[in-house]
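1. A predicted structure for the sequence below; I have some questions about it.
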Amino acid sequence: MALDVLTDGIAAVAVPDATQVAQILAETQGSFRRWRWEKNATRKNAIPARWLIDKEPDVQAFLLAVLYPYFTGQLEDEQYLRGFGLRQGRFDFAITSLGLIVEVKVLRRPGDIETIEAEVADDLALYFREGNPFRSMIVYIYDDRDRPEPEKYSMIRNALKQRSARIVDVVIVQRPSIIPNRNQRH
C-alpha cells in the first residue's frame, strides 16, 4: 500500500493533469519578477536587453518555453483542427496526452474583455466539434492594459468558465511591471 501511495505521488508530479497545467500557467506571474528591461545597455556596443511581450505570438513564445520541458513531444504548437466548411479552429497549444487545448488571449484595452468572451465562445464551437480529439481547454489571458483591473479577474474567470464545462480554468496574468505602457514603447 505504501508503494502504491508513493508511485501515485510520483506519477502525479511526473505527468501533470489539466488542473496542474493550469497551476503551472498561473505560476508564470511570479516568473516576471526578474523580467529584463534595461534603460541602458550593460555592455559596450550592445543594445539594452528588452524582453517585450507586446502581442499574442510573444505570449505564445513565452508559454512554449514554460510548457515544453513538461510535455516535450506531447505539446503541439499552433495548428488547425480538422473542420468543415470555410471555418477551422486553430489552437495555440495542445497537450495531446491530456486532450487539452491552451488558448492564449491578450487584453490591450478595457473593451477587450467582451471581445475575448466572444472569441472564447467561438473557439469552443470550433475546437470541440465531432472528430476532434480534445476534451478540455485552459484560457490564458495576458493583461497588457495600461490600467489593469485585477479586481475584475474573478468576474472574467467566472464568466468564461460558465460558458462550458470544457473550460478547466481561466488564468489571468498581468504584464511585468517593468515593461512600459503601450504608448511608451519604442
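-> Yep, it's here.

2. give me the number of residues near the closest residue to Y68 other than its chain neighbours?
-> Nearest-residue entry for Y68: L75, 5.8 Å, with adjacent residues in sequence omitted and distances by C-beta to C-beta, 6 or more residues apart in numbering. In this view, the C-beta of every residue, glycine as well, is placed from N, C-alpha and C. Other residues near L75 come to 18 when the count uses other C-beta atoms under 10 Å.

3. On the strand side of things, show who L75 bridges to.
-> Counting by DSSP bridges, L75 forms beta bridges with I95.

4. and it, what is it in contact with?
-> 64, 67-68, 93-95 (C-beta atoms under 8 Å, 6 or more residues apart in numbering).

5. What's the per-residue pLDDT of it here?
-> You'll see L75 listed with a pLDDT of 93.

6. Most neighbours out of the contacts of L75, which is it?
-> A94 (25 neighbours).

7. And it, how close does it get to A18?
-> 12 Å (C-beta to C-beta, to the nearest Å).

8. Identify the contacts common to those two.
-> By C-beta under 8 Å, 6+ apart, A94 and A18 have these common neighbours: L100.

9. what are the ranges of the helices in the chain?
-> 2-14, 18-26, 28-31, 56-71, 112-127, 153-161 (DSSP state H).

10. and the first one, average pLDDT?
-> Averaged over helix 2-14, pLDDT sits at 57.

11. Number the residues from 150 up from this point.
-> Yep, numbering from 150; the last one is helix 151-163 now.

12. What degree of burial does the residue lying closest to E298 once chain neighbours are set aside show, as a neighbour count?
-> The shortest distance from E298 to any residue other than its chain neighbours is 7.6 Å, reached at P259 (C-beta to C-beta, 6+ apart). Neighbourhood size, P259 [other C-beta under 10 Å]: 13.

13. Does P259 touch R294 like I think?
-> Yes. Using C-beta atoms under 8 Å, P259 is in contact with R294, at 6.8 Å.

14. Could you dump the contacts of L224 into a markdown table with distance to R192 and pLDDT added?
-> Formatted as a markdown table, the contacts of L224 follow (distance: C-beta to C-beta, whole Å; pLDDT from 0 to 100):
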| residue | distance to R192 | pLDDT |
| --- | --- | --- |
| L213 | 27 | 94 |
| L216 | 31 | 95 |
| Y217 | 29 | 94 |
| F242 | 34 | 92 |
| A243 | 40 | 92 |
| I244 | 39 | 94 |
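
15. I'd like the distance between the spatially most central residue of the chain and N189.
-> For the chain, the residue sitting closest to the mean C-alpha position, by C-alpha atoms, centre = their mean, is Y289 at 3.2 Å. Separation of Y289 from N189 (C-beta to C-beta): 33 Å.

16. Tell me who's in contact with the residue nearest to E298.
-> Neighbours of P259 in contact, by C-beta under 8 Å, 6+ apart: 294, 296, 298.
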